[in-house]
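**Q** The sequence and its predicted three-dimensional model are supplied below.
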Amino acid sequence: MIVAAIYFVLVSVSILLTVQSTHVLYLMLYTWDRSDAERKARAPESFLPPHLSFSVLLPARHEEDVIQSTIERVVRADYPPDLLEVFVICSQDDTGTVKKAEEKIDELNREGLHNVRVVVFGDKPINKPHGLNAALPHTTKDVVTIFDAEDDIHPKIFSLVNTVMVQEQVRVVQAGVQLMNYQSNWYSTLNVLEYFFWFKSRLHYHAHYGSIPLGGNTVFFARELLMRLGGWDDRNLTEDADMGLRISAMGEKVRVVYDDRYVTKEETPPTLGHFIRQRTRWSQGFMQTLKKGTWKEMPTRKQRWLAFYVLAFPRGQALLGLYLPLSLGMILILKVPVLIALFSYLPVLLLAAHFLVQVVGLYEFTGAHGLEASPKTVVRMAIAWFPFQMVLAYAALRAMRRQLIGRHDWEKTQHVGAHRATTEEAESRVG
């Protein structure tokens with residue numbers, strides 16, 4: 001009976017993993033599979049004259065190395081300066097970032113540009129959503145948008161969003177974000193491809209069904225909508241996903257735009273420790289949002305199920321991390337009937353399919369950005385595949401532990417500007 005129970009569990013888990021992996025594969029290929037989705041994802045081919053004005057929020061903490069370059073890129077965007085205002089948001093103990101920002105503001109003032117200021121907050125919690133809430137009352141423009149401190153934005157991003165919002169009469173736009181430094185370390189290629197498929201395909205599926213966890217930056221809101229919602233939940237570690245589901249529960253349409261030409265460029269975390277802390281924060285934030293229950297307020301069962309599926313995924317990832325070593329052990333010590341073995345290999349076949357799609361995605365990503373993929377990169381991906389899944393599972397387990405013991409402090413991710421070196425390499429090759 002014990003052996004039969006083991007067989008039953010093995011087959012059940014294998015079928016469950018197969019179904020889940022098949023669904024994820026479908027989401028990864030959504031915009032490639034549906035011509036209408038791919039068409040809707042694209043940016044307009046021509047832009048309208050500037051009509052909307054933009055308040056840009058730049059939350060920063062210990063970002064002395066990158067904040068000046070980011071301010072420069074935003075201010076020099078190809079959009080009328082009088083229709084842009086920029087707020088660098090820092091806690092009062094972050095004197096280094098404040099100093100660097102003020103130095104850049106002084107430099108811009110000498111050029112006659114007076115549309116950047118620093119907002120300093122002194123109360124807790126010290127995290128991104130609280131900083132956003134501190135700056136929101138200071139905004140005066142039609143649209144509020146967020147960029148992270150290391151972001152390299154496209155000069156035409158405001159023209160793009162202005163056109164989409166005016167032509168399509170939408171009040172929320174999620175534009176593309178793309179990690180760039182795909183060869184920095186052993187996990188960076190897989191991390192880059194996560195972003196590639198998430199923003200290029202999967203978010204369009206969520207937007208289509210009206211149940212979307214928004215990305216953390218390059219998202220644009222009509223200011224009056226944000227004010228009506230009361231800003232962000234400053235206790236939530238994934239305030240972006242929470243905001244997206246709150247907006248979805250209102251029935252608000254979200255337009256997702258992913259065009260390789262106009263993505264905001266970012267970097268993978270520079271060390272494994274920083275990557276784990278970042279992924280732990282995201283997993284725990286999803287757990288917080290699941291417990292909060294906003295997803296239950298969505299009008300349709302499809303929307304509620306989709307939101308639940310996304311928010312519960314970190315828990316599934318944690319269980320998968322426990323299951324994978326166990327399954328390897330069973331392969332070595334457990335002799336099973338042929339039919340049971342065939343069922344147990346179904347998830348392996350889906351993993352192989354995932355890997356092949358990722359390889360194709362690698363070549364599409366590098367081709368779109370003037371970079372170069374090589375067989376060596378593919379081999380590195382193959383070697384890193386299993387360890388990468390285990391790292392994600394460990395981060396999810398770590399998030400569960402933090403949630404259980406009531407720890408909700410914000411673990412900072414370091415930024416060193418590695419994506420800028422990759423972008424310069426691409427521009428040099430194209431040149």
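**A** Perfect, thanks for sending it. Numbering: from 1, shown residues only.

**Q** what are the ranges of the strands in the stretch 101-250 of the chain?
**A** Using DSSP state E, counting those that start in this stretch, the strands of the stretch 101-250 of the chain run over 116-121, 143-146, 172-175, 177-179, 219-222.

**Q** The shortest one - contacts with which helices or strands?
**A** Using 3 or more Cβ pairs under 8 Å, 6 or more residues apart in numbering; DSSP states H and E, the elements in contact with strand 177-179 are helix 188-197, strand 264-266. C-betas here are computed from N, CA, C, even on glycine.

**Q** can you list those in JSON lines and add distance to residue 127 and mean neighbour count?
**A** Listed next are those as JSON lines, based on distance: least, Cβ to Cβ, whole Å; neighbours: other Cβ atoms under 10 Å:
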{"stretch": "helix 188-197", "distance to residue 127": "22", "mean neighbour count": "22"}
{"stretch": "strand 264-266", "distance to residue 127": "19", "mean neighbour count": "22"}
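
**Q** now for the ones you listed, which one comes closest to residue 320?
**A** helix 188-197 (15.6 Å; Cβ to Cβ).

**Q** what residues does the closest one touch?
**A** 27-28, 177-183, 266, 268-269, 275, 358, 361-362, 364-365, 377, 380-381, 384-385, 388 (Cβ atoms under 8 Å, 6 or more residues apart in numbering).

**Q** and what of stretch 35-46?
**A** Against stretch 35-46 from outside (Cβ under 8 Å, 6+ apart): 30-32, 160, 163-164, 167, 200, 204-205, 208, 256-259, 261-262.

**Q** Separate out the buried members of those residues.
**A** 30-31, 160, 163-164, 200, 204-205, 208, 256-259, 262 (16 or more other Cβ atoms under 10 Å).

**Q** quick check, nearest of these to residue 51?
**A** residue 163 (8.9 Å).

**Q** Report pLDDT for that closest one.
**A** Predicted confidence (pLDDT) for residue 163: 98.

**Q** so who does it touch?
**A** Counted by Cβ under 8 Å, 6+ apart, residue 163 has contacts 44, 46-48.

**Q** Quick one: mean pLDDT over stretch 318-325.
**A** Computed over stretch 318-325, the average pLDDT equals 74.

**Q** Repeat that for stretch 8-16.
**A** 81.

**Q** how about residue 341, phi and psi?
**A** phi -60, psi -40 (degrees, to the nearest 10).

**Q** before we move on, what about residue 27?
**A** According to degrees, to the nearest 10, residue 27 has phi -60, psi -40.

**Q** Was I right to think residue 91 contacts residue 61?
**A** Yes: counting by Cβ atoms under 8 Å, residue 61 is a contact partner of residue 91 at 6.6 Å.

**Q** Noted, bye for now.
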